[in-house]
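S.K.: my questions concern the predicted model and sequence given below.
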Amino acid sequence: MLSVLDLTAGRIVATITIGGRPAGIAMSSDGTRAYITSPDGHKLSVVDTVSRTVLRQVALPGGPLGVAVSPDGKRVYVADWYGSQVVVVDPVTGTVLSTIGVGHSPSGLAVTPDGRLLVCADRLDNAVSLVDLETLRATAAIAVGEHPFGVTIDAAGATAYTADVESDDVSVIDLASRRLLARIQVGKRPYVVALAGNRGFVTNEQGGSLTAFDLASLHPVGTVAVGNMPEGIEAADDGRTLYVANWMDDTVSVVDALLLTVTATLPAGDSPRAFGTFLRSTRQGSR
Amino acid sequence: MSRRFVSLGMLLLGFAGLFAPGGAAAHGPTRQKVVESVEIAASPQAVWAVIGNFHDMSWDSAIVSTEGDGGNTVNSLRTLTLKSGGQITESLERYDPAEFTYGTFLPHNDPKVLPVSNFSTVLTVAAANGGKSTVQWRAAAYRGDPNNDPAPELNDQAAIAAMDAYLRAGLQSLKQKIEGAAH
């Protein structure tokens, strides 16, 4: 199930049937398409967010989980959890264009804003693979913390962050030099990082909280108690508001990134994951 | 002004593979979740007075005894002796008396005692109409056998059934205790 939550109204306004236990999500940069992975259903669903319909579903091998879309919207990248590969899909034709060998149990994916590099969390290798998206080959692996899950790249395309579930830290990677810069100690079982203003935020799934860290100093600066078992997190365009999906509570926490407070708790659907990018902006009066 | 929509991928029960112990790299179990609730004819404050002490599970007739002395502070431990046999030792993960809620985690247990692993619970009291309360108990866990092709008594269905029975029995016991056993 895909729930559409109107953040102004504070409630669910539509639900879209997906099937196969949807887990990963990627939003196109123009906001017109959402790409949803169903690991159990072995498929990728292409959703038209305006009409709120499923345009097509693409059968994929293994366990499709992490998903990211190229900035131009022409390619969707899906991590195959079981197959140690990233599958490249044409979302318009629904065809698999290529597969890219990466490390073991690939989880979160992120693409640089220039569309040239993909970062893949190779969970069981405790590393990330860097994939050149012109040659569609992994060109480097960088050791990070234990069991990296979510991957997030900043707007400059310069730095990547992984949430390392088993070592309770966030790894910070400089993409140009391909170096691990730091590991930041956060809360229990971190899942996904979001960036807002000059801070990073990670969901501590077991801690039921966010840890905020300063992006310049790479030091933790505070925590925010959110719902139970928070997973997906994303920052709004305002660079000030964060949205957190609380899997256990079936809610979304709205967080002020500057004040480190929860400003609202919204009802979500059953067991929301939102693993990836899930926010969409619209103009007033349009869907 | 822009209205912003959040599209959330939702799962009923969780996705495969987050928990992959040891060498079980090829596949992993899916975390299961159960939610049960009961309405009780008492205010949230009155209900919390009965359940709000992590070290006192006397309201749950399925629990024979509770041992622990860490108080209601995060990381405090309690060992529950179950009427059905065996013990489990849970940690207090979250305690928020203002919100009438606390959360627990069970990192290790004998699957014969409860056919689950990594068992988390959240117990919450909310106000209901007419001065009553709704007590909600949520539980999430992986099955007792994390390997592929688990034994039937340790598979996902067994975990769900066991969690559901545990929550339902506890909530019914609480309702009877507060409202009186005449029901």
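M.R.: Sure thing, it's come through. Remember, predicted model here, so these are calculated numbers, not experimental data.
S.K.: shaky segments in chain A?
M.R.: Within chain A, the stretches with pLDDT under 70 are A:283-287.
S.K.: now swap in chain B and tell me
M.R.: Using pLDDT under 70, chain B drops low at B:1-28, B:181-183.
S.K.: now do the contacts for the spatially most central residue of chain B.
M.R.: Centrality entry for chain B: nearest residue to the mean C-alpha point is B:Thr121, 2.8 Å, by CA atoms, centre = their mean. Residues near B:Thr121 by CB atoms under 8 Å, 6 or more residues apart in numbering or on different chains: B:90, B:103-104, B:137-140, B:167. Yep, even glycine has a C-beta here, placed from its N, CA and C like the rest.
S.K.: again with B:Asn155
M.R.: By CB under 8 Å, 6+ apart, the neighbours of B:Asn155 are B:143, B:145.
S.K.: that older thread, helix or strand: which one has the residue nearest to the centre of chain B?
M.R.: strand B:116-128 (DSSP states H and E).
S.K.: packing partners for the following helix or strand past that strand?
M.R.: Next in sequence after strand B:116-128, counting helices and strands by DSSP H and E, comes strand B:132-143. Applying 3 or more CB pairs under 8 Å, 6 or more residues apart in numbering or on different chains; DSSP states H and E, one finds that strand B:132-143 contacts strand B:32-40, helix B:44-51, strand B:116-128, helix B:156-179.
S.K.: now with 6 Å?
M.R.: Strand B:132-143 sits against strand B:32-40, strand B:116-128, helix B:156-179, with contacts defined as 3 or more CB pairs under 6 Å, 6 or more residues apart in numbering or on different chains; DSSP states H and E.
S.K.: what angle sits between the second one and strand B:132-143?
M.R.: I take that to be strand B:116-128. 170 degrees (axes from the mean of the first three to the mean of the last three CA atoms, to 10 degrees).
S.K.: what of the longest one?
M.R.: For helix B:156-179 and strand B:132-143, the angle between their directions (the same axes, to 10 degrees) works out to 160 degrees.
S.K.: so which elements touch helix B:156-179?
M.R.: When contacts are defined as 3+ CB pairs under 6 Å, 6+ apart, helix B:156-179 packs onto strand B:32-40, strand B:132-143.
S.K.: next, format those strands as CSV and append distance to A:Val96 and mean neighbour count.
M.R.: Output for those, formatted as CSV (distance: least, CB to CB, whole Å; neighbours: other CB atoms under 10 Å in any protein chain shown):
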stretch, distance to A:Val96, mean neighbour count
strand B:32-40, 31, 19
strand B:132-143, 31, 22
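S.K.: got the contact list for A:His42?
M.R.: A:Leu60 (CB atoms under 6 Å, 6 or more residues apart in numbering or on different chains).
S.K.: distance of it relative to A:Trp81?
M.R.: To A:Trp81, A:His42 is 11 Å away according to CB to CB, to the nearest Å.
S.K.: any idea how far apart the tips of stretch A:208-224 sit?
M.R.: 9 Å (CA to CA, to the nearest Å).
S.K.: please read the previous query as pertaining to stretch A:167-185.
M.R.: End-to-end distance (CA to CA), stretch A:167-185: 8 Å.
S.K.: what's it in contact with?
M.R.: A:140, A:142, A:144-146, A:158, A:160-164, A:186, A:193, A:202, A:213, A:218.
S.K.: most neighbours out of those residues, which is it?
M.R.: Most neighbours among the contacts of stretch A:167-185, by other CB atoms under 10 Å in any protein chain shown: A:Thr162, with 35 neighbours.
S.K.: so does the strand or helix carrying that one get close to chain B?
M.R.: Under the criterion of DSSP H and E, A:Thr162 resides in strand A:159-164. No. Judged by CB under 6 Å from any CB of the partner chain, strand A:159-164 stays clear of chain B, getting no closer than 12.5 Å.
S.K.: for stretch A:261-269, C-alpha coordinates in PDB please.
M.R.: C-alpha atoms of stretch A:261-269 as PDB (Å, rounded to 0.1, in the frame of the first residue of the first chain):
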ATOM      1  CA  THR A 261      11.300  19.600  18.500                       C
ATOM      2  CA  VAL A 262       8.400  17.600  17.200                       C
ATOM      3  CA  THR A 263       5.800  20.000  15.900                       C
ATOM      4  CA  ALA A 264       3.200  17.500  14.900                       C
ATOM      5  CA  THR A 265       2.400  13.800  14.800                       C
ATOM      6  CA  LEU A 266       0.300  12.800  11.800                       C
ATOM      7  CA  PRO A 267      -1.500   9.500  11.200                       C
ATOM      8  CA  ALA A 268       0.100   7.300   8.600                       C
ATOM      9  CA  GLY A 269      -1.000   4.000   7.200                       C
END
